[in-house]
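Student: This is a predicted model, with the sequence first.
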Amino acid sequence: MFAKFATRQFSSTASSAYKVSILGAAGGIGQPLSLLMKLNHKVTKLSLYDLRLGAGVATDISHIPTNSVVKGYGPEDNGLSKALEGADVVLIPAGVPRKPGMTRDDLFNTNASIVRDLAKACADHCPNAAICVISNPVNSTVPIVAEVLKSKNVYNPKKLFGVTTLDVLRASRFLSEVAGTNPVHEHVTVVGGHSGITIVPLISQTNHKNLPKETYDALVHRIQFGGDEVVQAKGGAGSATLSMAQAGARFASAVLDGLAGEKDVVEPAFVDSPLFKNEGVEFFSSKVTLGVDGIKHIHGLGELTNAEQEMINTAKETLVKNIEKGVNFVKQNP
Ligand SMILES: NC(=O)C1=CN([C@@H]2O[C@H](COP(=O)(O)OP(=O)(O)OC[C@H]3O[C@@H](n4cnc5c(N)ncnc54)[C@H](O)[C@@H]3O)[C@@H](O)[C@H]2O)C=CC1
Ligand SMILES: O=C([O-])CC(=O)C(=O)O
């Protein structure tokens, strides 16, 4: 399924020492994400790039006694290429966050070109890296990265991910609140995309199939619009940063576990997916098994209720447009 664009042969052997590069490392997400990656023992080189304060954040974090060397870079002196050279995993939280009243799509005009340019640098300096996109709107920024990599003949769909893990975290937490359970034991698969109605939690696949309809509807709505809660609460000072850093670190850790050849590493992510390609949906989030070459297997959605099926149908309509917007942006602004 990946043969069409896999214009290079990418193949890896498992290791336990990895270079991780974070682009946008001095931001609200970038700083705590950098800290959490410094605590990951598979990371031996941590590269922090930002337009400002990259070196400062790196120096601060470098005092933590874990087995990694931290380096910080800014745009001067080819900082971006040095930050990316030899990277195994690139995490991208660069870009502007929402303010109250905005949708994630309202960030497109600013973030599309930031992500496009960072993707070009990845193509040039670390074409074999696993790239994890956090910058919003994820439904469009992931296709932007794919188009850039295709244009440079280095697209490997097994190694491109939109990070949707925060939806999974929220789903566990919010479900546990209505069910009166420990969130640590609640595992909810969330599929589709990463904005409003494209976020589809599969509650029927948990132990809580029979929630009262009102409770169920409110729960689904809260998971879909959880990001807005944080945007409102921060009153113009940004969106989720700390919970997102935790989500990003969890996803990056899963990617590293996969690269290291560990078994049964499964997380949902927004990826180049065969699930609905025949309906024109090129990217879709579902559970993926991660391995030494990135994605090893993309899981199907499993059994769905009528309500979930309807949500998926609605999500697909929006996703097609969001994906097309990203693809067209790169075509018109290469
Ligand atoms: N995928 C997800 O679930 C989530 C995604 N986000 C998104 O993550 C992005 C970042 O959010 P925050 O960290 O709160 O924003 P922030 O404004 O606090 O930090 C962004 C950082 O990116 C840097 N930056 C901007 N352009 C850059 C470039 N060309 N190269 C390198 N660095 C650059 C800025 O200097 C800044 O330090 C936003 O687009 C936000 O919507 C936020 C929460 C969850
Ligand atoms: O809501 C936002 O703009 C940030 C985000 O993606 C989230 O918190 O899920």
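Tutor: Yep, it's here. Numbers count the residues shown, from 1 in each chain. Ligands and ions are numbered 1, 2, ... in the order given.

Student: Look at residue 234 and say how many residues are nearby.
Tutor: 17 (other Cβ atoms under 10 Å). Any C-beta I mention is one placed from the backbone N, CA and C, and that applies to glycine too.

Student: Dihedrals phi and psi, it?
Tutor: Listed backbone geometry of residue 234 is phi -90, psi -10, with angles given as degrees, to the nearest 10.

Student: Distance of it relative to residue 170?
Tutor: As judged by Cβ to Cβ, to the nearest Å, residue 234 and residue 170 stand 16 Å apart.

Student: What of residue 64?
Tutor: Counting by Cβ to Cβ, the gap from residue 64 to residue 170 is 28 Å.

Student: which of the two has more neighbours?
Tutor: Between residue 64 and residue 170, residue 170 has the larger neighbour count (other Cβ under 10 Å), namely 26 against 11.

Student: Flag every residue of the stretch 101-250 of the chain that's near ligand 1.
Tutor: 107, 111, 114, 118, 134-136, 138, 163, 166, 194, 238-241, 244 (Cβ under 6 Å from any ligand atom).

Student: Go through the residues you listed and flag which are in helices.
Tutor: Cross-referencing these against helices under DSSP state H gives 111, 114, 118, 138, 166, 244.

Student: Just confirm the fifth one contacts residue 241, I think it does.
Tutor: No: using Cβ atoms under 8 Å, residue 166 is not in contact with residue 241, being 10.6 Å away.

Student: what about the two, which has more around it?
Tutor: Higher neighbour count among residue 166 and residue 241: residue 166, with 26 against 20, using other Cβ under 10 Å.

Student: Not counting sequence-adjacent ones, nearest residue to that one?
Tutor: residue 247 (4.0 Å; Cβ to Cβ, 6 or more residues apart in numbering).

Student: Residue 222 too?
Tutor: Residue 222's closest residue in space is residue 174 (Cβ to Cβ, 6+ apart), at 5.1 Å.

Student: by contact count, what packs against the helix or strand encompassing the one you found?
Tutor: According to DSSP states H and E, residue 174 maps onto helix 165-179. In terms of contacts (3 or more Cβ pairs under 8 Å, 6 or more residues apart in numbering; DSSP states H and E), helix 165-179 is packed against strand 190-192, strand 199-201, helix 213-224, helix 226-234, helix 242-259, strand 265-272.

Student: will you turn the ones you listed into CSV that also has mean pLDDT?
Tutor: Output for the helices and strands packed on helix 165-179, formatted as CSV (pLDDT from 0 to 100):
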stretch, mean pLDDT
strand 190-192, 98
strand 199-201, 98
helix 213-224, 98
helix 226-234, 98
helix 242-259, 98
strand 265-272, 98
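
Student: wait, which of those is closest to ligand 2?
Tutor: Of all the helices and strands packed on helix 165-179, helix 226-234 sits nearest to ligand 2, with 2.3 Å by Cβ to the nearest ligand atom.

Student: Tell me the gap between that closest one and the middle of its chain.
Tutor: 19 Å (Cα atoms, centre = their mean, to the nearest Å).

Student: in it, what's buried?
Tutor: Buried residues in helix 226-234, counted by 16 or more other Cβ atoms under 10 Å: 226-228, 230-231, 234.

Student: Quick check: beta-bridge partners of residue 286?
Tutor: Beta-bridge pairing of residue 286 under DSSP bridges involves residue 269.

Student: Correct me if wrong: it contacts residue 301.
Tutor: Yes: at 6.0 Å, residue 286 counts as touching residue 301 under the criterion of Cβ under 8 Å.

Student: if I pick the residue sitting nearest the centre point of the chain, what's in contact with it?
Tutor: Taking Cα atoms, centre = their mean, the centroid of the chain lies closest to residue 163, which sits 1.4 Å from it. Contacts for residue 163 (Cβ atoms under 8 Å, 6 or more residues apart in numbering) come out as 132-134, 138, 194, 247-248, 251, 269-270.

Student: So which of the residues you listed wins on neighbours?
Tutor: Neighbour max across the contacts of residue 163 (other Cβ under 10 Å) = residue 134, 32 neighbours.

Student: Enumerate the residues of the stretch 201-334 of the chain near ligand 2.
Tutor: 227, 230-231, 239-240.

Student: Contact partners for residue 257?
Tutor: By Cβ under 8 Å, 6+ apart, the contact set of residue 257 is 42, 265, 290.

Student: Which of the three states applies to the residue in the chain that ligand 1 sits nearest to?
Tutor: Ranked by Cβ to the nearest ligand atom, the top residue of the chain for proximity to ligand 1 is residue 27, at 2.0 Å. Following DSSP: H, G, I helix; E, B strand; the rest coil, the label given to residue 27 is coil.
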